[in-house]
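Student: structure for the following, please:
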Amino acid sequence: MIVTITMNPSIDISYPLGEFKVDTVNRCDIARKTAGGKGLNVSRVLHQLDDPVTATALLGGALGEFIKENLAATGISFAFSKIAEETRNCVAILHDGKQTEILESGPIVSEAELVAFHQDLDTLLREATVLSISGSLPKGAPTDYYNQLLDMAKAKNIPVVLDTSGASLLAAVQHANQPYLIKPNAEEVASLLGIPEITNLTDLKISLQSELFRDIPVIVVSLGSDGAFVKADDKFYKVDIPKIEVKNPVGSGDSTVAGLVSGIYHKQPLTDYLKKAMVLGMLNAQEATTGHVNLANYDTFYRQIKVTEVK
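Tutor: Here you go, the predicted model:
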């Protein structure tokens, strides 16, 4: 079984607009509301792949109940921990071929609530073979809280796919029990290393050879429409993807993570699950609904993706 963690979930609200006007009224004919947060998006795509997945998160209030109802309606298995404060909303305004986001910071969790979650997760991990951790930490959780979860997984020999950023990612890559796979972008790699920027693949390859990343088995660096650059042990790969028409990019990174997690769960070769991940990210971008993929187009895209070793 795959377990996904979303420590700071949300209701994702998408407002598609032909044009976004500032300081006036904008009317939206179709607003979409889904159970969101990066880990729940991962769960949704894994469920569409028919992979066994259980989602866990911290949920509170009426918005938390909406998330439960939304997931239950789609048949996704979940085991949530209750918190006192209200779960957050996150708004994406899709306009003029761009995306403007308004993200609430979310609830403050107590130490007791974190302890309860820790205990609930320990029960789930008894049946897990892969753990996926996605997104930001809620207020009240220490910066290095994910390290506690990495320790739990290590004790049970469960590989962890970690998709986060900032201080919590830095704490995790510096931790003794590191994740099996991380998925930063080039800007986040630069931030981790304390350098201004990474402008080309040569610099990116050199950066990934830093001592900081030495013991992380797989690092998938997202390059957006240019695919990905990957470090796997001491080898490097460039993943090239076809150009597509993007309808809604929200959740595409999470769909990519779902492909990585699925590939690890099924013990697929690296090149195979890199292709799977890229396909799922593209399929999500072509759908209006966040975390949804049309698998009828899977094989067409899969054949167009190229994974090339970089010497």
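
Student: with Q304 as the reference, measure out to V230.
Tutor: 18 Å (CB to CB, to the nearest Å). The C-beta positions use only the backbone N, C-alpha and C, and glycine is treated the same way.

Student: can you map out the strands along the stretch 201-311 of the chain?
Tutor: 218-222, 228-232, 235-240, 306-310 (DSSP state E, counting those that start in this stretch).

Student: let me know the pLDDT of the residue lying closest to G281 once chain neighbours are set aside.
Tutor: Nearest non-adjacent residue to G281, counting by CB to CB, 6 or more residues apart in numbering: T256, 3.8 Å away. pLDDT, T256: 97.

Student: give me the neighbour count for T256.
Tutor: The tally of other residues near T256 (other CB atoms under 10 Å) stands at 26.

Student: okay, V230 and Q304: which has more neighbours?
Tutor: Using other CB under 10 Å, the more surrounded residue of V230 and Q304 is V230, with 24 against 16.

Student: is it true that that one touches I219?
Tutor: Yes. Contact criterion CB atoms under 8 Å: V230 and I219 qualify, at 6.8 Å.

Student: what's the longest helix in the protein?
Tutor: helix 270-285 (DSSP state H).

Student: next, the angle from it to strand 306-310.
Tutor: Helix 270-285 runs at 130 degrees relative to strand 306-310, counting by axes from the mean of the first three to the mean of the last three CA atoms, to 10 degrees.

Student: buried ones in helix 270-285, by neighbour count?
Tutor: The neighbour-count check on helix 270-285 (16 or more other CB atoms under 10 Å) flags 270-271, 273-285 as buried.

Student: middle-most residue in the chain, spatially?
Tutor: D254 (3.7 Å; CA atoms, centre = their mean).

Student: what's the neighbour count on the residue lying closest to that residue once chain neighbours are set aside?
Tutor: Of all residues not flanking D254 in the chain, N41 sits nearest, at 3.6 Å (CB to CB, 6+ apart). Residues contacting N41 under the criterion other CB under 10 Å number 30.

Student: next secondary structure after the host helix or strand of N41?
Tutor: For N41, the element it lies in under DSSP states H and E is helix 38-48. Counting by DSSP H and E, the next helix or strand C-terminal to helix 38-48 is strand 53-59.

Student: my read: P217 touches V230, true?
Tutor: No. P217 lies out of contact with V230 (CB under 8 Å); the separation is 11.0 Å.

Student: was I right about D51 contacting S262?
Tutor: Yes. D51 lies in contact with S262 (CB under 8 Å); the separation is 5.3 Å.

Student: higher neighbour count, the two?
Tutor: S262 (24 against 17).

Student: distance check, that one against C28.
Tutor: 34 Å.

Student: now do E245
Tutor: 21 Å.

Student: in terms of neighbours, single out the busier of these two.
Tutor: C28 (14 against 6).

Student: quick one: contacts for that one?
Tutor: Y15, P16, L17 (CB atoms under 8 Å, 6 or more residues apart in numbering).

Student: Throw together a PyMOL command that grabs the buried residues out of those residues.
Tutor: Here is the PyMOL command that selects the buried residues among the contacts of C28 (16+ other CB under 10 Å):
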select buried, resi 15+16
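
Student: CSV please, covering the contacts of C28 and showing pLDDT.
Tutor: What follows is the contacts of C28, written out as CSV (pLDDT from 0 to 100):
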residue, pLDDT
Y15, 92
P16, 89
L17, 93
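
Student: can I get the contacts of C28 in CSV with distance to H95?
Tutor: CSV is the format used below for those (distance: CB to CB, whole Å):
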residue, distance to H95
Y15, 8
P16, 8
L17, 4
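
Student: name the nearest of the contacts of C28 relative to L114.
Tutor: Using CB to CB, Y15 is the member of these that lies nearest L114, at 33.2 Å.

Student: so F80 sits right up against L59, yeah?
Tutor: Yes. At 4.7 Å, F80 counts as touching L59 under the criterion of CB under 8 Å.

Student: so for these two, which residue has more residues nearby?
Tutor: Shown here are F80 and L59; by other CB under 10 Å, L59 has more neighbours (23 against 20).
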